[in-house]
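Q: Predicted model and sequence below, questions to follow.
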Amino acid sequence: MPVLDIKNLILWYRTRKGPVHAVDDISFALEPGQTIALVGESGSGKTSTANAILRLLPKNVLRYEGKVVFDGQDVMEFDTEEFRKVVRWRGISMVFQGAMNSLNPTIRVGGQVAEPLMVHYDVDRDEAADQAIEALGKVGLSADTARRFPFELSGGMKQRVVIAMALILKPKVVILDEPTSALDVMTQTNIINLLKELKNTEHLSYIFITHDLGLASELADLVGIVYAGQLVEVGPAEGVFVKPKHPYTGKLLASVPRLRSEAAPDFIPGAPPDLTDPPPGCRFHLRCPVSFEKCGWSAPEFIEQVRLLQILEETKNTVPAIEAMTAKGAQNLLIKPVANGTVAEFAQRLTSFIAQNQETYRFLKSVESVQAKTKVVEVKLYESTPPPLLGGDWRASCWLLAGAGS
Amino acid sequence: MLGFLILLAVLVPIFAPYNVVQSWNDPGAWTNNPKLAAPEWSEVFTGKHLPRTALMPYNGEPGGFDKVRISFNVSNQVYTTVVLRSSFSFQADAFPSEIKMFMTTVFGNVTGTQIKVFWGRPDGQEIHIFDANPSVRAPYENTFSLTGPTIKDPSYAVYNSIRDWLILKNVTSETEWDALFPRIGGIYQNPPKAQTMLMGKLDHSILDPQTSEVLKGNYSFRIEFNGFTATDDANARAVVYGTVFGLAGTDFEGRDLLVALLWGAPVALAFGIAGALASVLIQTILGAISGWYGGLIDEFVQRTADFYLIIPTLPILILLGILYHLGIVLILIVLVVFGIVGATTKVVRSIVLQVKEEQFIEAARSYGASRGRILFRYILPRVMPYTFALIALTVPAFIFLEASLSFLGLGDPMLPTWGHILGDAYGQSALFASRAFPNGMWWWVFFPAAGIIFTTVAFALLGYAFDKVLNPRLREQ
Ligand SMILES: Nc1ncnc2c1ncn2[C@@H]1O[C@H](COP(=O)(O)OP(=O)(O)OP(=O)(O)O)[C@@H](O)[C@H]1O
Ligand code: SF4
Ligand SMILES: [Mg+2]
């Protein structure tokens, strides 16, 4: 039975620009002793997922739903007090991103590590201090660290203190939110080794959040690739890292610089999508190198891409001259050609342009039909829905796979 | 600076016990001090040796009057004669400000009990300066002034005695004297300055206080008392008041301003620190609560703070002072009550709003710390450094407030605070130049003002020091 089973977790924030779909239907399960690495670009919703699991919600939450089954109980049903007592720190603890800042600068390290203990149990000061020193010992810090203030510690030591704090109530699951970013490589390695060791001695399950694939492969049994608030691929580490199913995972792996490799690291064109208005269809289609008909281009996106072609050096002379474009619904758009020939001729030029360029500019593949009307050309795009996350233990959400599977 | 102030505050009660302060408002306690005397060391500016106060205490005390008493019986009539003598050496370059004589007398119901007073000079002259009948019985004192007697006072005769003496010595003539010091019905319209004649060189210059030269040497009092019962007795003491006194001079009641100055320090410190501590701490806690809990509490605290910021505290205090004559503790309480919310509440609230977003607060929430615990263990300690700086900077404000109230005569009427002294000085026009005080009574204003400024600056510097600790950018320079 999984120690943690997350089903259809959703966390949206309310902002002035509209709802931020920071966690948009994420599901995964974690067996006892397993580690899942959540990997994704900055702003993809990794921290939000962790916060959603621990119910650490800011004021501007718009939607918060789903199932979080911890130890066989759906803790989403718990009220605040029950949740605080059962889940927070006793069941699931967390090492925050930027752990350096999660220490109270006015409390000595010993007191800080003992804080969760004092908050949850009625232990006296000496008892708490002893346990704090024991916990510090587990993470390789000497007893006299307890008497120091956070500012007297190095980054690596602070990280260890935060880990000690996460362990003090002996939780089953520890969420590690980028525990090693901002540390040098040696210290990073030390922390990772420490985490490995603790995992065995303390029988922990980790949710390891990172954007460093190398570290993820060190520690993880499972890997979940997060893109735009969703898991696009989740499966065993050996599989995902060696032979990724999802094009995004592939791009991600290719972007890791490799020693002794002639090839320059690849990069992913474009920026991560705006989570207030996630792209329709497959959220990755704007940047996907292999996107095709079903991936979900919409008329406004299509228009934007055409505009781009109009100014691009390679294509600006070959794009048929256009006077105006208007979207008509999500899948239709009207193109008004510059008046130097008939509309039918223009439609022809357009069709051949699409045929010639659709391997390079893959959005062109989304064109289902081009029809000449009296004054304008109507372009119809393929309809699309988001690709389902398919597969058994190793799932990925890509229409290519769905097509191959069916 | 601050260390000095605190040391002072601690030491003052040891050196000058509280009863000194209690006697501040008792005029009888200060009769041995000259009035309006400048500090002793101010003579270095004049280049002259200025007279200190010479005390000739009662018989029996060291340096006191010599006394001989005889009582004898002649044909059933008892005669009692007491002779009292004392002398003092006078070496100053200026005349004393006053000469006074105090006598306790015991006498029967017989009229005619008489006191004769003789003034002996270094040049061998002895002037019989006045005769008097005692009017009060011991333990009360008959007071005689040799230098500023009033017409109701028997010692008023001093003027005539001097006149007769000077005419006898051919220093002046009757007509010249009468022209210089005209009398109407025996009352001097513009009485001579007796000390310049009693103690001046015996020549024509003695007539004008401006030209009269001090005759240095030993002066003496000789007092004869004649009574008519066997129990009659008399004792005398005399004070030759100087023109300088102590380190800080005296005020119009002869009170030693040093006492007030020294006592001003602990009073100002206690008042300032207690007031600042109480109001800033309360404001801090309310500000933190306001920022941390937010919502209706926030709204309530902030609107109250707005309201409190608008109402003018000083006028209200003045009003209360006029109506009730508040003691210093009540003034403090009123100030604190009117300062439970205010600018600090707003400052702290904004700091808390910032601290609230810091990650360790979220971390604390995540391991289940309650809101109260976070407030007291996480947020308040973060705000405290700012609060200390604010306290240090608020102390001067409280000291100033107390001084302003005292200056206006609305402070604690019993305590000699710095503001109180300044108020007195202002009431007596201390800073106006007069013939007697060509530079005004500067010491009366200078020291309390310096005390206030010193304390204020000390706390301001302390505040800036905190600022430097808190603001790393300032530290670099
Ligand atoms: N309280 C909030 N209100 C509104 N938007 C938020 C809030 N918190 C996070 N977001 C937005 O949600 C998205 C996901 O944020 P999140 O912190 O989960 O990303 P992340 O994957 O942890 O990124 P990083 O790797 O940089 O830590 C971002 O676009 C972010 O701007
Ligand atoms: S569905 Fe697959 S192929 Fe299509 S855009 Fe998404 S990742 Fe690329
Ligand atoms: Mg994050």
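A: Perfect, thanks for sending it. Ligands and ions are numbered 1, 2, ... in the order given.

Q: contacts and neighbour counts: CA atoms only from here.
A: Will do.

Q: check contacts around A:E368.
A: By C-alpha atoms under 8 Å, 6 or more residues apart in numbering or on different chains, A:E368 lies in contact with A:V379, A:K380, A:L381, A:Y382.

Q: Next, format the residues you listed as a markdown table and append neighbour count and pLDDT.
A: As requested, these are exported to a markdown table (neighbours: other C-alpha atoms under 10 Å in any protein chain shown; pLDDT from 0 to 100):
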| residue | neighbour count | pLDDT |
| --- | --- | --- |
| A:V379 | 22 | 92 |
| A:K380 | 20 | 92 |
| A:L381 | 25 | 92 |
| A:Y382 | 19 | 91 |
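
Q: And those, which is closest to ligand 2?
A: Distance to ligand 2 across the contacts of A:E368 (C-alpha to the nearest ligand atom) is lowest for A:Y382, with 12.5 Å.

Q: how near is the closest one to A:K316?
A: From A:Y382 across to A:K316, the span is 25 Å (C-alpha to C-alpha, to the nearest Å).

Q: which intervals of the stretch 301-406 of chain A have sub-threshold pLDDT?
A: Across the stretch 301-406 of chain A, the ranges flagged by pLDDT under 70 are A:403-406.

Q: go again using 90 as the cut-off
A: Applying pLDDT under 90 to the stretch 301-406 of chain A picks out residues A:304, A:306-324, A:328-331, A:336-349, A:356-362, A:371-376, A:383-385, A:388-393, A:400-406.

Q: returning to what we had before: which two in the contacts of A:E368 are spaced the farthest apart?
A: Farthest apart among the contacts of A:E368 by C-alpha to C-alpha are A:V379 and A:Y382. That separation is 10.1 Å.

Q: hey, what's in contact with both of the two?
A: The contact sets of A:V379 and A:Y382 overlap at A:V367, A:E368 (C-alpha under 8 Å, 6+ apart).

Q: I figured A:R160 hits A:V139, correct?
A: Yes. Using C-alpha atoms under 8 Å, A:R160 makes contact with A:V139 at a distance of 5.8 Å.

Q: the more surrounded of these two?
A: Using other C-alpha atoms under 10 Å in any protein chain shown, the more surrounded residue of A:R160 and A:V139 is A:R160, with 25 against 22.

Q: anything in the helix or strand harbouring the more buried one near chain B?
A: Assigned by DSSP states H and E, A:R160 belongs to helix A:155-167. No. Residues of helix A:155-167 are not located near chain B by C-alpha under 8 Å from any C-alpha of the partner chain, the shortest gap being 8.7 Å.

Q: who does the next helix or strand after that helix pair up with?
A: Per DSSP H and E, the first helix or strand lying C-terminal to helix A:155-167 is strand A:173-177. Within its sheet, strand A:173-177 is paired with strand A:92-95 (parallel), strand A:205-210 (parallel), according to DSSP bridges.

Q: roughly how far is the shortest one from the heart of the chain?
A: Here strand A:92-95 shows a centroid-to-chain-centroid distance of 18 Å under the convention C-alpha atoms, centre = their mean, to the nearest Å.

Q: Same question for the last one.
A: Distance of strand A:205-210 from its chain centroid, counting by C-alpha atoms, centre = their mean, is 12 Å.

Q: how close does B:Q189 sit to ligand 2?
A: 118 Å (C-alpha to the nearest ligand atom, to the nearest Å).

Q: For that residue, what are phi and psi?
A: Note on B:Q189: backbone dihedrals following degrees, to the nearest 10 are phi -70, psi -30.

Q: Do you have the helices of the stretch 51-200 of chain A handy? List them.
A: Chain-ordered helices for the stretch 51-200 of chain A, with DSSP state H, counting those that start in this stretch as the definition, fall at A:80-86, A:109-120, A:125-138, A:155-167, A:185-201.

Q: coming back round to it: what's the closest of the strands paired with strand A:173-177 to B:A450?
A: Of all the strands paired with strand A:173-177, strand A:92-95 sits nearest to B:A450, with 57.6 Å by C-alpha to C-alpha.

Q: quick one: is that closest one near ligand 1?
A: No. Using C-alpha under 6 Å from any ligand atom, strand A:92-95 never reaches ligand 1; the gap is at least 12.8 Å.

Q: Run through who's touching that strand.
A: By C-alpha under 8 Å, 6+ apart, strand A:92-95 touches A:54, A:162-163, A:166-167, A:171-177, A:179, B:367.

Q: restrict the residues you listed to contacts with ligand 2.
A: Residues of the contacts of strand A:92-95 in contact with ligand 2 (C-alpha under 6 Å from any ligand atom): none.

Q: Just give me the closest of those residues to ligand 2.
A: A:D177 (26.0 Å).

Q: burial count for the residue lying closest to B:R52 once chain neighbours are set aside?
A: Leaving aside its chain neighbours, B:R52 sits nearest to B:G242 (4.3 Å; criterion: C-alpha to C-alpha, 6 or more residues apart in numbering or on different chains). Using other C-alpha under 10 Å, B:G242 has 24 other residues around it.

Q: Kindly reformat the helices of the stretch 51-200 of chain A as a markdown table containing mean pLDDT.
A: Shown next, in a markdown table, are the helices of the stretch 51-200 of chain A (pLDDT from 0 to 100):
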| stretch | mean pLDDT |
| --- | --- |
| helix A:80-86 | 89 |
| helix A:109-120 | 91 |
| helix A:125-138 | 92 |
| helix A:155-167 | 92 |
| helix A:185-201 | 91 |
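
Q: just these: most buried one?
A: Stretch with highest mean neighbour count among those: helix A:155-167 (a mean of 25; mean count of other C-alpha atoms under 10 Å in any protein chain shown).

Q: Show me how far that one is from its chain's centre.
A: So, by C-alpha atoms, centre = their mean, the centroid of helix A:155-167 is 24 Å from its chain's centroid.

Q: Run the angle between it and helix A:109-120 for me.
A: 20 degrees (axes from the mean of the first three to the mean of the last three C-alpha atoms, to 10 degrees).

Q: wait, doesn't B:A265 sit right on B:A450?
A: No. Applying C-alpha under 8 Å, one finds B:A265 not in contact with B:A450, separated by 11.1 Å.
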